[in-house]
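Enquirer: I would like the atomic coordinates for the input below:
(chains A, B, C and D)
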2 protein chains.
Amino acid sequence: MASHRPTLDELLAQLRARGQRATTARRAVLAELLAAGDTHLTADELARRIHAEHPAIHLSTVYRTLDALAAAGLIVVARFADQPLTYHLAGDVHHHAVCTTCGDTINLPVRVLAPLRRRLLRDHGFDADPRHLTITGTCAGCRAGQG
Amino acid sequence: MASHRPTLDELLAQLRARGQRATTARRAVLAELLAAGDTHLTADELARRIHAEHPAIHLSTVYRTLDALAAAGLIVVARFADQPLTYHLAGDVHHHAVCTTCGDTINLPVRVLAPLRRRLLRDHGFDADPRHLTITGTCAGCRAGQG
DNA sequence: CTTGATGCAAATGGTTTGCATGTTT
DNA sequence: AAACATGCAAACCATTTGCATCAAG
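Expert: You can find the predicted model right below:
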């Protein structure tokens, strides 16, 4: 039920299974995404981290790699407000609640949205994708702070 | 409770009430947003329509006007996937369900999300903003079409 | 008349692309 | 060897900004 965290080799195997090649750049991107855990990273952040080990890997390659990984279903893309796109492994499926006051992102368990999904399907025939649901609002801390 | 559709003059009065000036450009933008009804328009689409009557109004002015209107709370901004920002009058509060297959946007009544909002508030202390909720997924038509 | 809004052109910044070269299969 | 991935530089496109001018209060 809950997806276990895959190893780097498993991810690369999945990539190959979809006809994609396992290159140094892709290994590096996946390794950083694994290391990031639940955190969402931008292409630029990924490139910066990768450069510690592989200074030659170009930002545009990171973008192309991320596109390939997303097409293969290994990662999920999320956009928060006007910030750059962020990426995380698809295993970590969750919803996003972004606080417009402090900018923090809260990962909500899929469960929370399950009733809504059922309702949308029943009443509107709309099959909501649980990977791309972002809610903006005010988090508990900021609500308290502002009275 | 349900917001009635305001007139152009009412909107301009609201603008003035917030210390903003009522200029030709702002009148033109608001007029087009009123004419658009539930439809979401991009800055570029607005500029194009406005140019029919006022060819001199520059796209950058449309952007600045939209910023001012949003700051004054008269309009709401929504971003769908990677497309340009879209704008609509704040009176039309609704949620957005975007079909990733056909690209269509369905406006959902606020009611639909009310239980979720209550739950987020109760369980996570998160006060969701009903104006900025976008759900992606597959609409009824596309689900049928693809079996 | 004073402040804020506009037109224009130029900058910005994230992301994409063309092409020649390098790497994986 | 063939197909695909990469580095680099340049393009792209939505949006923003500096500045001189204009219009609303």
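Enquirer: distance check, the residue positioned nearest the centre of chain A against A:V110.
Expert: Of all residues in chain A, the one closest to the mean position by Cα atoms, centre = their mean is A:H88, 2.7 Å from it. Applying Cβ to Cβ, to the nearest Å, the value for A:H88 to A:V110 is 14 Å. (Glycine included, C-beta is placed from N, CA and C.)
Enquirer: and A:D127, by the same measure?
Expert: Separation of A:D127 from A:V110 (Cβ to Cβ): 14 Å.
Enquirer: likewise A:A28?
Expert: Using Cβ to Cβ, A:A28 is found at 29 Å from A:V110.
Enquirer: neighbour count winner among the two?
Expert: Remark: of A:A28 and A:V110, A:A28 carries more neighbours, 22 against 14, as counted by other Cβ atoms under 10 Å in any protein chain shown.
Enquirer: ok, how many other residues are close to A:H58?
Expert: A:H58 is flanked by 13 other residues according to other Cβ under 10 Å.
Enquirer: related to what we said a few turns ago, the helix or strand in which the residue nearest to the centre of chain A is found pairs with which strands, parallel or anti?
Expert: Taking DSSP states H and E as the criterion, the element that holds A:H88 is strand A:86-89. Applying DSSP bridges, strand A:86-89 is found paired with strand A:41-42 (antiparallel), strand A:75-78 (antiparallel).
Enquirer: quick one: average confidence on the longest one?
Expert: Regarding strand A:75-78, the rounded mean pLDDT is 93.
Enquirer: any residue of that strand touching DNA strand C?
Expert: No - using Cβ under 7 Å from any atom of the strand, strand A:75-78 stays clear of DNA strand C, with a minimum separation of 8.5 Å.
Enquirer: ok, residues contacting that strand?
Expert: Here strand A:75-78 makes contact (Cβ atoms under 8 Å, 6 or more residues apart in numbering or on different chains) with A:33, A:40, A:66, A:69-70, A:85-90, A:92-93, A:96, A:131-132, A:134.
Enquirer: what's the answer for stretch A:46-60, then?
Expert: A:24-25, A:28-29, A:32-33, A:35, A:41, A:43-44, A:62, A:66, A:87.
Enquirer: please redo it, this time with the cut-off set to 6 Å
Expert: Defining contact as Cβ atoms under 6 Å, 6 or more residues apart in numbering or on different chains, one finds that stretch A:46-60 is touched by A:A25, A:A28, A:E32, A:V62.
Enquirer: turn those into TSV, including distance to DNA strand D and secondary structure.
Expert: What follows is those, written out as TSV (distance: Cβ to the nearest atom of the strand, whole Å; DSSP: H, G, I helix; E, B strand; the rest coil):
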residue	distance to DNA strand D	secondary structure
A:A25	3	helix
A:A28	8	helix
A:E32	13	helix
A:V62	8	helix
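Enquirer: for those residues, which two are the farthest from each other?
Expert: Using Cβ to Cβ, the pair of these lying farthest apart is A:A25 and A:E32, separated by 11.0 Å.
Enquirer: can you pull out the helices in chain A?
Expert: Counting by DSSP state H, chain A has helices at residues A:8-17, A:24-36, A:43-53, A:59-71, A:114-124, A:140-146.
Enquirer: out of the ones you listed, nearest to A:F80?
Expert: Closest to A:F80 of these, according to Cβ to Cβ: helix A:43-53, at 13.4 Å.
Enquirer: buried set for that closest one?
Expert: A:A43, A:E45, A:L46, A:A47, A:R49, A:I50 (16 or more other Cβ atoms under 10 Å in any protein chain shown).
Enquirer: again, but for stretch A:108-123
Expert: Those would be A:L108, A:V112, A:L113, A:L116, A:R117, A:R119, A:L120, for stretch A:108-123 by 16+ other Cβ under 10 Å.
Enquirer: and stretch A:98-109, by the same measure?
Expert: Buried, per 16+ other Cβ under 10 Å, within stretch A:98-109: A:V98, A:C99, A:T105, A:I106, A:L108.
Enquirer: do you know how far the residue nearest to the fourth one when sequence neighbours are not counted is from A:D82?
Expert: In space, A:I106 comes closest to A:A97 once its chain neighbours are excluded; the distance is 4.3 Å by Cβ to Cβ, 6 or more residues apart in numbering or on different chains. Noted for A:A97: a distance of 17 Å to A:D82, by Cβ to Cβ.
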